[in-house]
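Visitor: I'd like to go over a predicted model; first the sequence, then the structure.
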Amino acid sequence: MKKQLLFIAIAGLFANLASAADLYVRENGANGAYSTITAAITASANGDRIIIKPKAAGAAYIENLTINKSLTFVSETNFERYKLQGNIVVSPLAGRVVTIHNANVGSVTVSGATTGGRTTLNVFNSLIVFFDAARANTTANLSGCTVENETGISHGRCTGNIFSSLFISNGNDPADTSLATDDIEIIANIVSYGISNSQKNYIFKFLNNFLTQGSFNIWAVKNGSTNEITNNVADTSTNGGGQFGEGVSINLASGNTGNISIYNNVLTSGNDYVIYNYNANATVSAYYNMSGVTFLLNNVANQGSNTMGDFTVNANSHTVSGANVNAGSPAVEYTDLDLTRNDIGNLGGSNSWNNYWPANVGVKPQINYLSTPRTINVGTSTLNVIGSGYSK
């Protein structure tokens, strides 16, 4: 009986795959294609792929889209974006997965909370004016995108993007009721005005980001969790930071407690403090961080090897050079890609900036996430590696 049930399940899977269709959208409906993206969405079914040909001379499809099915949107022309003069709204539904590749669009938003499950929105290699998926029970994964104004998510993974600012919260929606099984991971992004976390449902990992004029602002954590701010650059020397010009600002509400580990970061302060914890609700550990000023901390429970150093931050090339090289934690889990000691800042460690911003990538598919063990013990029989990528 078990074998028969397994066969039925596999047969059902292949039937679903076989039923998925490709729907084409071309200017003026050329060669029997749809002339609008909206018409293709209306004609589509869950699992279909909508293939959009960029219009001549960069002209736009002028329409607003409501996506109410699980669909994938791609460009028909390799390595070229299609332009949409309008906005995209994703209607939430448990189990819905929407994937958008190579779009040039106004705003992308999720219209509300999901009930009875989760909605997933994946966006790759796209130009977006405004992005808001900060809704309960919603996962948003962005990679290789540029978002001109605010970006909001409540859960997901962001790698190799250019953001104006990034807010992680549920907005005005209640806490998640259908919890995701993985953490929030924000890796190797260029962020102009800072990253803020108000999410209480998930552990966060902020790794190898470059904040050109802003700070990390932590307003909430998952109770009892251990969270990570590692190998980032936060430059508040010319514009802001927290109340005291700090590169990391932590201010948890009463009853919200957790641990925050701050390792191997370049934190250039525009005022007095480098890390400022406004109360004792968060247990903060800070080690092997570097600043260009005297390293002042407030309410940091565990600390060591934080130093003032002579280094240069280049906001154009997103690099740091000088005393930060080989000055990070000597622990093996922080070793650089060249197997030398950790470089403090965004170029250090196994999640190095170079993984997500490779030189001369050109018109090639790109890996946008890779998770491998930082250490391998003698006698290990299974090596778990997770990776994903996208084509432009």
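Guide: Thanks, I have it.
Visitor: ok, now which ones touch residue 36?
Guide: By C-beta atoms under 8 Å, 6 or more residues apart in numbering, residue 36 lies in contact with 25, 61, 63. Every C-beta, even on glycine, is put in place using the N, C-alpha and C of the backbone.
Visitor: Looking at the residues you listed, which are in helices?
Guide: Nothing among those maps onto helices, per DSSP state H.
Visitor: Nearest residue to the middle of the protein?
Guide: Nearest to the mean C-alpha position of the chain, counting by C-alpha atoms, centre = their mean, stands residue 158 at 1.1 Å.
Visitor: mind listing the helices for the stretch 1-150 of the chain?
Guide: Here the stretch 1-150 of the chain has its helices, by DSSP state H, counting those that start in this stretch, at 2-19, 37-43.
Visitor: I'd like the distance from the shortest one to the chain centre, please.
Guide: Pointing back at helix 37-43 there. Here helix 37-43 is found 29 Å from its chain centre; the criterion is C-alpha atoms, centre = their mean, to the nearest Å.
Visitor: Can you spell out which helices and strands pack onto that helix?
Guide: strand 22-25, strand 49-52, strand 65-67 (3 or more C-beta pairs under 8 Å, 6 or more residues apart in numbering; DSSP states H and E).
Visitor: For the last one, buried residues please.
Guide: Just to be clear, that refers to strand 65-67. Within strand 65-67, the residues scored as buried using 16 or more other C-beta atoms under 10 Å are 65, 67.
Visitor: circling back: may I ask which of the contacts of residue 36 has the most neighbours?
Guide: Neighbour counts for the contacts of residue 36 (other C-beta atoms under 10 Å) peak at residue 25, which has 23 neighbours.
Visitor: which residues touch that one?
Guide: 33-37, 39-40, 50-53, 61.
Visitor: Now for those residues, which sits with the most neighbours around it?
Guide: residue 52 (26 neighbours).
Visitor: Pretty sure residue 228 sits against residue 261.
Guide: Yes: assessed by C-beta atoms under 8 Å, residue 228 is found in contact with residue 261 at 5.3 Å.
Visitor: still on that earlier bit, tabulate the contacts of residue 36 in JSON lines, adding columns for distance to residue 313.
Guide: Shown next, in JSON lines, are those (distance: C-beta to C-beta, whole Å):
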{"residue": "25", "distance to residue 313": "44"}
{"residue": "61", "distance to residue 313": "41"}
{"residue": "63", "distance to residue 313": "43"}
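Visitor: Make a markdown table out of the residues you listed and add pLDDT and distance to residue 310.
Guide: Below are the contacts of residue 36 laid out as a markdown table (pLDDT from 0 to 100; distance: C-beta to C-beta, whole Å):
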| residue | pLDDT | distance to residue 310 |
| --- | --- | --- |
| 25 | 98 | 55 |
| 61 | 98 | 52 |
| 63 | 98 | 55 |
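Visitor: so which of those residues comes closest to residue 329?
Guide: residue 61 (49.9 Å; C-beta to C-beta).
Visitor: Without its sequence neighbours, what residue ends up closest to that closest one?
Guide: Spatial nearest neighbour of residue 61, chain neighbours left out: residue 84 (5.2 Å); criterion: C-beta to C-beta, 6 or more residues apart in numbering.
Visitor: what sits against the one you found?
Guide: 37, 60-61, 63, 65, 103-106.
Visitor: With residue 22 instead?
Guide: Residue 22 makes contacts with 48-51, as judged by C-beta under 8 Å, 6+ apart.
Visitor: Also residue 323?
Guide: 290, 307, 309-311.
Visitor: Go again with 7 Å.
Guide: 290, 309-311 (C-beta atoms under 7 Å, 6 or more residues apart in numbering).
Visitor: now swap in residue 48 and tell me
Guide: 20-21, 23, 71.
Visitor: Next one: it from residue 34, what distance?
Guide: Look at residue 48 and residue 34: by C-beta to C-beta, to the nearest Å, they are 12 Å apart.
Visitor: any common contacting residues for the two?
Guide: What both residue 48 and residue 34 touch, as defined by C-beta under 7 Å, 6+ apart, is the set residue 23.
Visitor: I'd say residue 349 and residue 232 touch.
Guide: No: Residue 349 is beyond contact range of residue 232, at 10.3 Å (criterion: C-beta atoms under 7 Å).
Visitor: Looking only at neighbour counts, state which of the two leads.
Guide: residue 232 (31 against 26).
Visitor: For residue 147, see how far away the more buried one is.
Guide: For residue 232 relative to residue 147 (C-beta to C-beta), the value is 19 Å.
Visitor: ditto for residue 106
Guide: For residue 106, the distance to residue 147 - C-beta to C-beta - is 11 Å.
Visitor: which of those two has more neighbours?
Guide: residue 147 (26 against 17).
Visitor: can you tell me which residues contact that one?
Guide: By C-beta under 7 Å, 6+ apart, the neighbours of residue 147 are 128, 131, 161, 163-164.
Visitor: 6 Å instead, please
Guide: 128, 131, 163 (C-beta atoms under 6 Å, 6 or more residues apart in numbering).
Visitor: Now render those as a markdown table, adding distance to residue 273, pLDDT and neighbour count.
Guide: Shown next, in a markdown table, are the contacts of residue 147 (distance: C-beta to C-beta, whole Å; pLDDT from 0 to 100; neighbours: other C-beta atoms under 10 Å):
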| residue | distance to residue 273 | pLDDT | neighbour count |
| --- | --- | --- | --- |
| 128 | 34 | 98 | 24 |
| 131 | 31 | 98 | 28 |
| 163 | 25 | 98 | 27 |
